[in-house]
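**Q** Sequence first, then the predicted structure:
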Amino acid sequence: MLHRGQESTDGTGGGELTVPMAWLYAEYIADELLRTGDLMPPTSFEFRAGRDALALTIFLSDTDGELSGIRVVTQLETWLSLTAYDQPWQDWVAERMAQLAATAAESGAPSPDLDLAAEAWRWLEETELLAPDLDAVPGGAAVVGEEDGPKVWTPAWQLGLPLGHLAIHLF
(Lines give C-alpha, C1' and ligand atoms only; values in the text may rest on other atoms or scores of the structure.)
Protein backbone atom coordinates (compact mmCIF):
# COMPACT_ATOMS: atom_id res chain seq x y z
CA MET A 1 0.00 0.00 0.00
CA LEU A 2 1.18 3.47 -0.77
CA HIS A 3 1.06 6.47 1.48
CA ARG A 4 -0.17 9.76 0.05
CA GLY A 5 2.54 11.48 -1.96
CA GLN A 6 4.48 8.30 -2.76
CA GLU A 7 4.60 6.31 -5.95
CA SER A 8 5.51 2.73 -6.52
CA THR A 9 9.18 2.04 -7.09
CA ASP A 10 8.83 1.93 -10.88
CA GLY A 11 7.32 5.45 -10.94
CA THR A 12 4.14 4.45 -12.76
CA GLY A 13 1.92 4.20 -9.73
CA GLY A 14 1.48 0.48 -10.40
CA GLY A 15 -2.28 0.64 -9.91
CA GLU A 16 -1.80 0.12 -6.18
CA LEU A 17 -4.16 1.45 -3.55
CA THR A 18 -3.29 4.85 -2.11
CA VAL A 19 -4.04 4.93 1.62
CA PRO A 20 -5.68 8.15 2.85
CA MET A 21 -3.35 8.48 5.84
CA ALA A 22 -3.82 12.23 6.40
CA TRP A 23 -7.60 11.92 6.67
CA LEU A 24 -7.47 8.75 8.77
CA TYR A 25 -4.98 10.36 11.15
CA ALA A 26 -7.12 13.53 11.46
CA GLU A 27 -10.15 11.34 12.18
CA TYR A 28 -8.17 9.39 14.79
CA ILE A 29 -7.07 12.58 16.57
CA ALA A 30 -10.65 13.91 16.55
CA ASP A 31 -11.98 10.61 17.88
CA GLU A 32 -9.42 10.56 20.71
CA LEU A 33 -10.17 14.16 21.68
CA LEU A 34 -13.91 13.46 21.83
CA ARG A 35 -13.50 10.19 23.73
CA THR A 36 -11.21 11.88 26.25
CA GLY A 37 -13.83 14.59 26.80
CA ASP A 38 -16.53 11.92 27.37
CA LEU A 39 -19.21 14.33 26.12
CA MET A 40 -21.37 11.95 24.09
CA PRO A 41 -21.67 8.21 23.62
CA PRO A 42 -19.35 7.19 20.76
CA THR A 43 -22.26 5.46 19.03
CA SER A 44 -24.41 8.62 18.78
CA PHE A 45 -24.95 10.77 15.72
CA GLU A 46 -23.87 13.77 17.80
CA PHE A 47 -20.51 12.11 18.41
CA ARG A 48 -20.12 11.45 14.69
CA ALA A 49 -20.96 15.09 13.95
CA GLY A 50 -18.34 16.24 16.47
CA ARG A 51 -15.74 13.80 15.15
CA ASP A 52 -16.32 14.75 11.52
CA ALA A 53 -16.31 18.51 12.23
CA LEU A 54 -13.15 18.20 14.28
CA ALA A 55 -11.47 15.88 11.74
CA LEU A 56 -12.25 18.38 8.97
CA THR A 57 -10.75 21.16 11.06
CA ILE A 58 -7.62 19.12 11.75
CA PHE A 59 -7.24 17.91 8.17
CA LEU A 60 -7.88 21.28 6.52
CA SER A 61 -5.69 23.26 8.93
CA ASP A 62 -2.71 21.07 8.03
CA THR A 63 -1.34 23.35 5.30
CA ASP A 64 1.96 21.45 5.06
CA GLY A 65 0.28 18.11 4.37
CA GLU A 66 2.16 16.45 7.21
CA LEU A 67 0.14 15.74 10.33
CA SER A 68 2.64 14.85 12.99
CA GLY A 69 1.91 13.22 16.32
CA ILE A 70 4.38 15.52 18.00
CA ARG A 71 2.66 18.61 16.58
CA VAL A 72 -0.81 17.70 17.88
CA VAL A 73 -0.39 19.56 21.16
CA THR A 74 1.01 22.63 19.40
CA GLN A 75 -2.01 22.69 17.07
CA LEU A 76 -4.67 22.73 19.81
CA GLU A 77 -4.78 26.54 19.95
CA THR A 78 -5.17 26.74 16.17
CA TRP A 79 -8.04 24.25 16.26
CA LEU A 80 -9.65 26.12 19.15
CA SER A 81 -9.58 29.39 17.23
CA LEU A 82 -10.96 27.76 14.07
CA THR A 83 -13.86 26.12 15.94
CA ALA A 84 -14.73 29.14 18.10
CA TYR A 85 -18.34 30.29 18.08
CA ASP A 86 -17.71 33.61 16.36
CA GLN A 87 -15.66 32.19 13.49
CA PRO A 88 -17.02 31.56 9.96
CA TRP A 89 -16.06 27.88 10.10
CA GLN A 90 -18.44 26.77 7.34
CA ASP A 91 -17.01 29.34 4.89
CA TRP A 92 -13.45 28.41 5.87
CA VAL A 93 -14.14 24.72 5.21
CA ALA A 94 -15.66 25.48 1.80
CA GLU A 95 -12.66 27.65 0.83
CA ARG A 96 -10.06 25.10 1.97
CA MET A 97 -11.91 22.24 0.25
CA ALA A 98 -11.98 24.26 -2.98
CA GLN A 99 -8.25 25.03 -2.67
CA LEU A 100 -7.37 21.39 -2.08
CA ALA A 101 -9.63 20.25 -4.94
CA ALA A 102 -7.93 22.73 -7.30
CA THR A 103 -4.49 21.51 -6.22
CA ALA A 104 -5.53 17.88 -6.72
CA ALA A 105 -6.95 18.69 -10.16
CA GLU A 106 -3.70 20.42 -11.19
CA SER A 107 -1.60 17.48 -10.09
CA GLY A 108 -3.86 14.98 -11.81
CA ALA A 109 -3.28 12.52 -8.98
CA PRO A 110 -6.20 11.00 -7.09
CA SER A 111 -6.68 12.28 -3.57
CA PRO A 112 -8.42 9.73 -1.36
CA ASP A 113 -7.84 12.01 1.66
CA LEU A 114 -9.79 14.78 -0.04
CA ASP A 115 -12.49 12.32 -1.13
CA LEU A 116 -13.06 11.22 2.48
CA ALA A 117 -13.00 14.82 3.72
CA ALA A 118 -15.55 15.77 1.05
CA GLU A 119 -17.78 12.87 2.11
CA ALA A 120 -17.61 13.98 5.76
CA TRP A 121 -18.38 17.58 4.76
CA ARG A 122 -21.33 16.43 2.64
CA TRP A 123 -22.72 14.43 5.59
CA LEU A 124 -22.27 17.36 7.97
CA GLU A 125 -24.08 19.74 5.61
CA GLU A 126 -26.90 17.46 4.48
CA THR A 127 -27.72 15.66 7.75
CA GLU A 128 -29.96 17.32 10.29
CA LEU A 129 -30.16 16.21 13.90
CA LEU A 130 -32.92 16.97 16.39
CA ALA A 131 -31.43 19.17 19.10
CA PRO A 132 -32.62 21.42 21.91
CA ASP A 133 -33.69 24.83 20.63
CA LEU A 134 -31.38 27.09 22.59
CA ASP A 135 -33.08 30.22 21.21
CA ALA A 136 -36.54 29.27 22.52
CA VAL A 137 -37.73 29.88 26.05
CA PRO A 138 -41.09 28.09 26.44
CA GLY A 139 -43.61 30.20 28.37
CA GLY A 140 -40.83 32.43 29.62
CA ALA A 141 -39.77 29.85 32.21
CA ALA A 142 -36.71 27.66 32.44
CA VAL A 143 -37.04 24.08 31.21
CA VAL A 144 -36.62 21.49 33.97
CA GLY A 145 -35.23 18.62 31.90
CA GLU A 146 -33.26 18.71 28.67
CA GLU A 147 -35.72 16.27 27.07
CA ASP A 148 -38.73 18.45 28.02
CA GLY A 149 -37.71 21.53 26.05
CA PRO A 150 -38.44 22.49 22.46
CA LYS A 151 -36.41 20.81 19.74
CA VAL A 152 -35.31 22.01 16.33
CA TRP A 153 -33.75 20.24 13.34
CA THR A 154 -30.17 21.47 13.10
CA PRO A 155 -27.46 20.78 10.49
CA ALA A 156 -25.03 18.24 11.91
CA TRP A 157 -22.05 20.59 11.58
CA GLN A 158 -23.79 23.14 13.86
CA LEU A 159 -23.95 20.51 16.60
CA GLY A 160 -20.60 18.91 15.89
CA LEU A 161 -18.54 22.07 15.82
CA PRO A 162 -19.21 23.23 19.41
CA LEU A 163 -18.86 19.63 20.58
CA GLY A 164 -15.42 19.43 18.96
CA HIS A 165 -14.48 22.83 20.40
CA LEU A 166 -15.46 21.74 23.90
CA ALA A 167 -13.54 18.47 23.51
CA ILE A 168 -10.38 20.43 22.68
CA HIS A 169 -10.90 22.57 25.79
CA LEU A 170 -11.32 19.49 27.96
CA PHE A 171 -8.19 17.88 26.56
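**A** On my side now, so go ahead.

**Q** and Tyr85, that one's in a strand?
**A** No - assessed with DSSP: H, G, I helix; E, B strand; the rest coil, Tyr85 is coil; it does not lie in a strand.

**Q** where does the nearest residue to it once chain neighbours are set aside land on pLDDT?
**A** Nearest residue to Tyr85 in three dimensions, chain neighbours excluded: Pro162, at 7.0 Å (CB to CB, 6 or more residues apart in numbering). The C-beta positions use only the backbone N, C-alpha and C, and glycine is treated the same way. At Pro162, the predicted lDDT confidence score is 92.

**Q** what sits up against stretch 112-126?
**A** Applying CB atoms under 8 Å, 6 or more residues apart in numbering, the contact partners of stretch 112-126 are 4, 18-24, 27, 49, 52-53, 55-56, 59-60, 93, 97, 100-101, 104, 155-157, 160.

**Q** Now list the buried members of these.
**A** 4, 18, 20-24, 27, 49, 52-53, 55-56, 59-60, 93, 97, 100, 155-157, 160 (16 or more other CB atoms under 10 Å).

**Q** Among these, name the ones in strands.
**A** If you go by DSSP state E, those have 18, 155 in strands.

**Q** now the strands: where do they sit in the protein?
**A** Along the chain, the segments classed as strands by DSSP E run 2-3, 18-19, 128-132, 151-155.

**Q** Please work out which of those is packed deepest.
**A** strand 18-19 (a mean of 16; mean count of other CB atoms under 10 Å).

**Q** tell me the mean pLDDT for that strand?
**A** Mean pLDDT, computed over strand 18-19, is 78.

**Q** In terms of secondary structure, what does that strand contact?
**A** strand 2-3 (3 or more CB pairs under 8 Å, 6 or more residues apart in numbering; DSSP states H and E).

**Q** What helices and strands are in contact with the lengthiest helix in the chain?
**A** Assignment by DSSP state H gives helix 89-107 as the longest helix of the chain. When contacts are defined as 3+ CB pairs under 8 Å, 6+ apart, helix 89-107 packs onto helix 45-61, helix 72-83, helix 112-126, helix 156-170.

**Q** so which of those is the most packed in?
**A** The highest average neighbour count among the helices and strands packed on helix 89-107, using mean count of other CB under 10 Å, belongs to helix 45-61 at a mean of 24.

**Q** Compute the inter-axis angle for it and helix 89-107.
**A** Orientation check (axes from the mean of the first three to the mean of the last three CA atoms, to 10 degrees): helix 45-61 against helix 89-107 gives 50 degrees.

**Q** Helix 45-61: how far from the chain's middle?
**A** The chain centre lies 2 Å from the centre of helix 45-61; the measure is CA atoms, centre = their mean, to the nearest Å.
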